[in-house]
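J.: what follows is a predicted protein model with its sequence.
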Amino acid sequence: MIRLYTWPTPNGQKVHIALEEIGLPYEVVPVNIGAGDQFKPEFLAITPNHRIPAIVDTEGPGGELPLFESGAILLYLAEKTGKLLPKAQRARYFAIQWLMFQMGGIGPMFGQQGHFLFYAQDKHPYAIERYSKEVRRLYGVLEKRLAESAYLAGDEYCVADIAAFPWLRNPEARGIDVGKDFPSVARWFDQISARPAVVRGLAVLSDKIRTAPMTEEERDILFGKKQHPL
């Protein structure tokens, strides 16, 4: 059994989708990051980085296995089940390459743009421009790849696609007209959106997605001194 410690953010949704695609049984343990659940001792025992998602596989290699970092979790689930990672060596390395592209590029840059656009109390034009340009550049990288390939690793849907997909939702909020400027990304996105397992994965904890403005308490928990205890 997989215990999944998560919240409905793009990084959490990656693992929701992967588990639904693979078909492994799992138990959802909500970690309300706005309420500070990520700092509770029981969660820190799994991940000292106090970030979701994390898993505990009660039937892991050598016994119970705790694991954090969404990219590592995706690779683990793929290797555990023999699914969502190409068997051919060349395609496998392409999948890992594009997974790392999401982890090192899309996630951090989209996250920084989102912070300065949606959450920072003081608007910083330089930061907004800098990260918005980088987001557009990364869309361009994806467009070039997906203009020549059905999926990021080639002809096979895999963990790399799952990792990138949740970050590319709601592009209009980022000032991106995907249909006009990145048609190959739009084709790929629509194809993935229609997968039943993706629909189910996005439904996990969807009732917890923020709809109200962030409170000062939540802002302090997510961006304040508690993030830097040392």
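T.: Yep, it's here.
J.: and the longest helix anywhere in the chain, what's its mean pLDDT?
T.: Within the chain, and with DSSP state H defining each element, the longest helix by residue count is helix 125-146. Mean pLDDT, taken over the full extent of helix 125-146, equals 98.
J.: quick one: buried residues of it?
T.: Of the residues in helix 125-146, 127, 128, 131, 132, 134, 135, 138, 139, 142, 143, 145, 146 count as buried by neighbour count, 16 or more other Cβ atoms under 10 Å. Placement of C-beta: from N, CA and C, glycine included.
J.: just the pLDDT at residue 62, thanks.
T.: The predicted local confidence for residue 62 is 95.
J.: that one in helix, strand or coil?
T.: In the three-state summary, residue 62 is assigned as coil, counting by DSSP: H, G, I helix; E, B strand; the rest coil.
J.: would you mind measuring from residue 43 to residue 75?
T.: Plainly put, residue 43 is 22 Å away from residue 75 if you go by Cβ to Cβ, to the nearest Å.
J.: same deal with residue 137?
T.: Applying Cβ to Cβ, the value for residue 137 to residue 75 is 26 Å.
J.: please apply the same query to residue 181.
T.: Noted for residue 181: a distance of 31 Å to residue 75, by Cβ to Cβ.
J.: same deal with residue 185?
T.: 24 Å.
J.: those two: who's more crowded?
T.: residue 185 (24 against 20; other Cβ atoms under 10 Å).
J.: for that one, which residues are in contact?
T.: For residue 185, the contacting residues are 139, 142, 143, 146, 168, 178, by Cβ atoms under 8 Å, 6 or more residues apart in numbering.
J.: leaving out sequence neighbours, find the closest residue to the fourth one.
T.: In other words, residue 146. Distance criterion Cβ to Cβ, 6 or more residues apart in numbering; nearest residue to residue 146, sequence neighbours excluded, is residue 184 at 4.0 Å.
J.: I'd say that neighbour and residue 147 touch.
T.: Yes: taking Cβ atoms under 8 Å as the contact criterion, residue 184 and residue 147 are neighbours in contact, 4.3 Å apart.
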